[in-house]
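Q: need a structure here:
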Amino acid sequence: MDYTVKNNNIIVHEKDFGLDDTLDCGQAFRWKKIKSDYKCTYTGFFLNNRLTVSQVSDDEFIFHDTSEKDFLEKWFNYFDFGTDYSELKRTFSEDETLAKACEFAGGIRLLRQDSWECLISFIISQNNNIPRIKGIIDRLCAKYGGFPSSAELADETPESLAYLRSGFRAKYICDAIDCVNSRKVNLAEIAEMPIEYARKSLKIIKGVGDKVAECVLLFGMYRTEAFPVDVWIRRVLVEYYSNGFPEFQHAGIAQQYLFHYIRNKDK
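A: Got it, this is the predicted structure:
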């Protein structure tokens with residue numbers, strides 16, 4: 001990845017990266033596509049730090065109104081620019097189905113998200129669609145002026161969260177708040193645990209089952225061995241991997257290519 005500083009912008013040249021593929025694939029819910037004269041432009045947040053980023057061409061991007069310090073300390077890691085996705089895709093493409101998936105959506109990257117925000121976001125995501133998930137999170141952020149910490153949410157109850165219109169998920173949000181605030185669940189420690197212990201520890205929280213736990217591990221803790229299975233991935237496994245999924249070091253990233261491919265290839 002190469003970059004230059006131009007006025008108040010960071011100009012990034014990076015292959016194997018696409019904003020549509022990365023920011024609109026269901027792994028994060030605080031990014032919105034906005035009109036611009038570029039190929040595409042998104043505005044959104046990481047840890048309540050706002051960013052507007054545009055894709056100029058296949059391998060050129062503008063990080064608007066961003067200092068070099070902020071780019072290197074926040075956004076470089078968030079967009080996983082330190083990982084060689086060309087090599088990952090080369091390895092994945094030894095498998096016939098994954099080769100098609102990588103070609104179809106070759107710009108997907110794994111976002112390195114905050115574990116707390118990711119936990120609450122994927123609790124909200126249960127039996128939900130992306131526009132509605134974004135709406136619930138928008139209402140939460142609007143009340144608190146940003147995504148709130150567990151401490152800020154300490155006094156919330158399922159009844160007080162009615163404004164979110166999150167339905168049955170409100171009681172799970174409250175249990176997550178209580179578990180984290182009481183240290184019954186320590187997200188920083190879970191991020192470092194052996195994967196099986198990490199899974200079990202997350203599932204202490206009511207409403208956190210296999211899929212949500214895998215999503216939090218993958219998207220919120222960068223545990224790339226985590227492998228979320230929803231209806232789409234289950235379909236992939238049944239149709240293409242009846243003898244088992246190949247062993248990859250970063251199977252969770254491979255899953256992202258497959259997820260996007262199976263959902264969109266026939267559109």
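Q: List the contacts of Ser115.
A: For Ser115, the residues meeting the contact criterion (C-beta atoms under 8 Å, 6 or more residues apart in numbering) are 187-188, 190-191, 216, 220-221. Placement of C-beta: from N, CA and C, glycine included.
Q: Now rank these by neighbours and give me the top one.
A: Counting neighbours by other C-beta atoms under 10 Å, the top entry in those is Val216, with 30 neighbours.
Q: so how far is stretch 95-109 off the chain centroid?
A: 18 Å (C-alpha atoms, centre = their mean, to the nearest Å).
Q: Quick check: buried residues in that stretch?
A: Neighbour-count burial for stretch 95-109, with 16 or more other C-beta atoms under 10 Å as criterion, is recorded at 95, 97-98, 101-102, 104-109.
Q: quick one on the thing from earlier: for the contacts of Ser115, give me JSON lines that also has pLDDT.
A: As requested, the contacts of Ser115 are exported to JSON lines (pLDDT from 0 to 100):
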{"residue": "Leu187", "pLDDT": "98"}
{"residue": "Ala188", "pLDDT": "97"}
{"residue": "Ile190", "pLDDT": "98"}
{"residue": "Ala191", "pLDDT": "97"}
{"residue": "Val216", "pLDDT": "98"}
{"residue": "Gly220", "pLDDT": "98"}
{"residue": "Met221", "pLDDT": "98"}
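Q: Secondary structure added to those residues, as JSON lines?
A: Listed next are the contacts of Ser115 as JSON lines, based on DSSP: H, G, I helix; E, B strand; the rest coil:
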{"residue": "Leu187", "secondary structure": "helix"}
{"residue": "Ala188", "secondary structure": "helix"}
{"residue": "Ile190", "secondary structure": "helix"}
{"residue": "Ala191", "secondary structure": "helix"}
{"residue": "Val216", "secondary structure": "helix"}
{"residue": "Gly220", "secondary structure": "helix"}
{"residue": "Met221", "secondary structure": "helix"}
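Q: Looking at those, which one is closest to Ser201?
A: Here the nearest of those to Ser201, counting by C-beta to C-beta, is Ile190; it sits at 4.9 Å.
Q: Let me see the contact set for that closest one.
A: Counting by C-beta under 8 Å, 6+ apart, Ile190 makes contact with 115, 198, 201-202, 221.
Q: Adding distance to Asp230 and secondary structure as columns, could you present those in JSON lines?
A: Formatted as JSON lines, those follow (distance: C-beta to C-beta, whole Å; DSSP: H, G, I helix; E, B strand; the rest coil):
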{"residue": "Ser115", "distance to Asp230": "20", "secondary structure": "helix"}
{"residue": "Ala198", "distance to Asp230": "19", "secondary structure": "helix"}
{"residue": "Ser201", "distance to Asp230": "21", "secondary structure": "helix"}
{"residue": "Leu202", "distance to Asp230": "17", "secondary structure": "helix"}
{"residue": "Met221", "distance to Asp230": "19", "secondary structure": "helix"}
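Q: if we can go back for a sec, out of the buried residues of stretch 95-109, which one has the lowest pLDDT?
A: Within the buried residues of stretch 95-109, the minimum per-residue pLDDT falls on Ala105 (86).
Q: re the thing from before, which members of the contacts of Ser115 are the farthest-apart pair?
A: Largest separation among these by C-beta to C-beta: Ala188 and Val216, giving 12.8 Å.
Q: my read is Arg50 is in a strand, agree?
A: Yes: under three-state DSSP, Arg50 sits within a strand.
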